[in-house]
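Chemist: predicted model and sequence below, questions to follow.
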Amino acid sequence: MNYSFSFIYKADGEVKKTDLPDNADFSVEAEIESKLITLTLKPKREIEFVKFEMTMPFKFNSSQRIFTNGYQSWTVSKEYSPNGSMDEFSPRIMGIEKRKVNPLGIWGAGDLTFHKYPEKPGVFYGYSYGYVRNKSELFLLGSLNERVGYTIITFNSSAECITIEKDLEGVSFNDDTLVLSLAVLNGEYNAVFDEYFEMMNIPKPRFARKCGYTTWYNYYTNVTENIVANDLDAISKLNTGIDIFQIDDGYERTVGDWLETDKNKFPGGMKAAADNIHKQGMLAGLWLAPFAVTPKSHIFKKHKDWLVRDKKGKYRYASHNWGGFYALDIYNEDVKAYLKKVFDTILSEWGYDMVKLDFLYACSIIPIHGKSRGEIMCDAMELLRRLCGDKIILGCGVPLAPAFGNVDFCRVGADVGLCWENKAFSREDVSTQNTLTNTIFRRHLDGRAFLNDPDVFLLRDNNIKMPLSKRKIIAQVNSLCGNLLFVSDDVSTYTDEQKQIFSDTITKPKAVINNAEFIKDKIIRIDYSVNGKNESLTFDLSTGLKI
């Protein structure tokens, strides 16, 4: 295999550039096998990389499709035609780069603050793994370990090459380090993904498909104890085997103060809410964003030394949600002790069986303590798994590779919207179309890395801006490609037809997806089989019309 290198690095206080893998400052030892590429860095003095890239030639043709895995749960992830473009969201607003205009961390949920977005056709990039598909055959490149730093894979059909880049910002190297371990696999779609996850030694998910309810997409932060009681009673009367009832954002005093319940909304407290859920024979779930704190929180006011800060000592916004929020430093021992208290209280004292852990990317918004973003995220996910023990974790807003094997369920797309139209302003923003796209094209993770959470389907008639026909498509796609099937409706308002759709969605056997692709512009076709019977679903992603 032919390959070339490009390095920009700092050594002895000087910025240098070279394409030589063996030079006066370091060497890179490459081992190329039939299914594995490894790169070992051997420093001759302390090295810090600005750019670390390996490029290999690759012949593209118009019949192929290129899949890129987005930065985190919400980021657009799909197949592209080689002559297409990653044009969903231009990286400029009125000619000004987004990374330079970042009030309240408005672009913090994505990668634009540290990675350049391609501005020309034929260039596609993603994180940790990606593939080129020719009908049912894949050529897959996949990192086997993101701890040293994220692996960014760029497919450039115009230049006929693939570039493997490591995000090593903030890391100094003094000792020999295995920088890259990359699977290179060819074969049938499912066989390739089976082999990839076997090479990573990721344990199989320990749960089967689960169905449930969440308060978020109807009440948002206006949820109350009475709302929970009413919807819990309604959903228990459906007698359809609901597994989980989850209380989402809004129960806490403010984001960050997880153990301080809003007494006006939940006067009985969160333990009583969990007890009531258990009385209906369901698992109790609770939402929190464990690494997030708002300026209104007591944590922020009393413990600013717990927050992620840049080299200048400035607190960095993690995103604009809740008016802008900051992130906890997971390496601070007091932070670890606080998080242990939070999870011990929620899981043991209050008795919740599942936690939905959201905005997890926040802890790794910048490199800290000489660690890359990838290492921070890997450490964070392992910390959460230890703190939660054998309780169920639903991950969300998380770079996916560090979540592999550490969560039971994981969101694979953006939040669904209350309308079909795409009004997203970023690749991570709320969007029904984007979450459906991700649900379909990240289906290969389901049952291998974790069980996929495609986000909710909504069947109610009130507080929603799309006809039932479109709501049915969301429910069908979720059932076909996902394994956590949640609604967010007051089901007491359901008509008989809606009750039947609900029942069909959560009780039908899991389909086997034979193929799924864009067959024309925004037209998606999913070929699948259920109990040996071949069926298909074709719809227009832009309009929500079934074809």
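Modeler: Sure thing, it's come through.

Chemist: flag every buried residue along stretch 191-202.
Modeler: Of the residues in stretch 191-202, those buried under the neighbour-count criterion (16 or more other CB atoms under 10 Å) are 192, 193, 194, 195, 196, 197, 200, 202. Backbone N, C-alpha and C define where each C-beta goes, glycine included.

Chemist: the residues you listed in strands, which ones?
Modeler: Secondary-structure check on the buried residues of stretch 191-202 using DSSP state E: no residue lies within strands.

Chemist: which of those fall in helices?
Modeler: 192, 193, 194, 195, 196, 197, 200 (DSSP state H).

Chemist: hmm, the fifth one is touching residue 182, no?
Modeler: No - under the criterion of CB atoms under 8 Å, residue 196 is not in contact with residue 182, lying 10.7 Å apart.

Chemist: what is in contact with the two at once?
Modeler: Residues touching both residue 196 and residue 182 (CB atoms under 8 Å, 6 or more residues apart in numbering) are residue 142.

Chemist: where's residue 303 relative to residue 256, distance?
Modeler: Separation of residue 303 from residue 256 (CB to CB, to the nearest Å): 10 Å.

Chemist: check residue 49 too.
Modeler: Taking CB to CB, one finds residue 49 at 34 Å from residue 256.

Chemist: who's more crowded, these two?
Modeler: Higher neighbour count among residue 49 and residue 256: residue 256, with 27 against 23, using other CB atoms under 10 Å.

Chemist: for the more buried one, what are its contacts?
Modeler: Counting by CB under 8 Å, 6+ apart, residue 256 touches 292, 293, 294, 297, 298, 299, 300, 325.

Chemist: for the residues you listed, which one is nearest residue 502?
Modeler: The shortest gap between residue 502 and any of these belongs to residue 292, at 32.4 Å (CB to CB).

Chemist: lowest-pLDDT helix or strand in the protein?
Modeler: Scoring the helices and strands of the chain by mean pLDDT, DSSP states H and E places strand 92-93 at the bottom, with a mean of 48.

Chemist: mind listing what the residue nearest in space to the middle of the chain touches?
Modeler: Using CA atoms, centre = their mean, the residue of the chain that lies closest to the mean C-alpha position is residue 73, 1.5 Å off. When the contact criterion is CB under 8 Å, 6+ apart, the partners of residue 73 are 395, 396, 397, 398, 400, 410, 411, 412, 413, 414.

Chemist: I only care about those residues that end up buried; give me the PyMOL line for that.
Modeler: If you want just the buried ones from the contacts of residue 73 in PyMOL, going by 16+ other CB under 10 Å, the selection is:
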select buried, resi 395+396+397+398+400+410+411+412+413+414
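
Chemist: now the contacts of residue 73 in a markdown table, with pLDDT?
Modeler: Rendered in a markdown table, the data for the contacts of residue 73 read as follows (pLDDT from 0 to 100):
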| residue | pLDDT |
| --- | --- |
| 395 | 98 |
| 396 | 98 |
| 397 | 98 |
| 398 | 98 |
| 400 | 98 |
| 410 | 98 |
| 411 | 98 |
| 412 | 98 |
| 413 | 98 |
| 414 | 97 |
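
Chemist: adding distance to residue 444 and secondary structure, write the contacts of residue 73 out as JSON lines.
Modeler: Shown next, in JSON lines, are those (distance: CB to CB, whole Å; DSSP: H, G, I helix; E, B strand; the rest coil):
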{"residue": "395", "distance to residue 444": "17", "secondary structure": "strand"}
{"residue": "396", "distance to residue 444": "19", "secondary structure": "coil"}
{"residue": "397", "distance to residue 444": "21", "secondary structure": "coil"}
{"residue": "398", "distance to residue 444": "17", "secondary structure": "coil"}
{"residue": "400", "distance to residue 444": "11", "secondary structure": "helix"}
{"residue": "410", "distance to residue 444": "13", "secondary structure": "strand"}
{"residue": "411", "distance to residue 444": "16", "secondary structure": "strand"}
{"residue": "412", "distance to residue 444": "10", "secondary structure": "coil"}
{"residue": "413", "distance to residue 444": "14", "secondary structure": "coil"}
{"residue": "414", "distance to residue 444": "18", "secondary structure": "coil"}
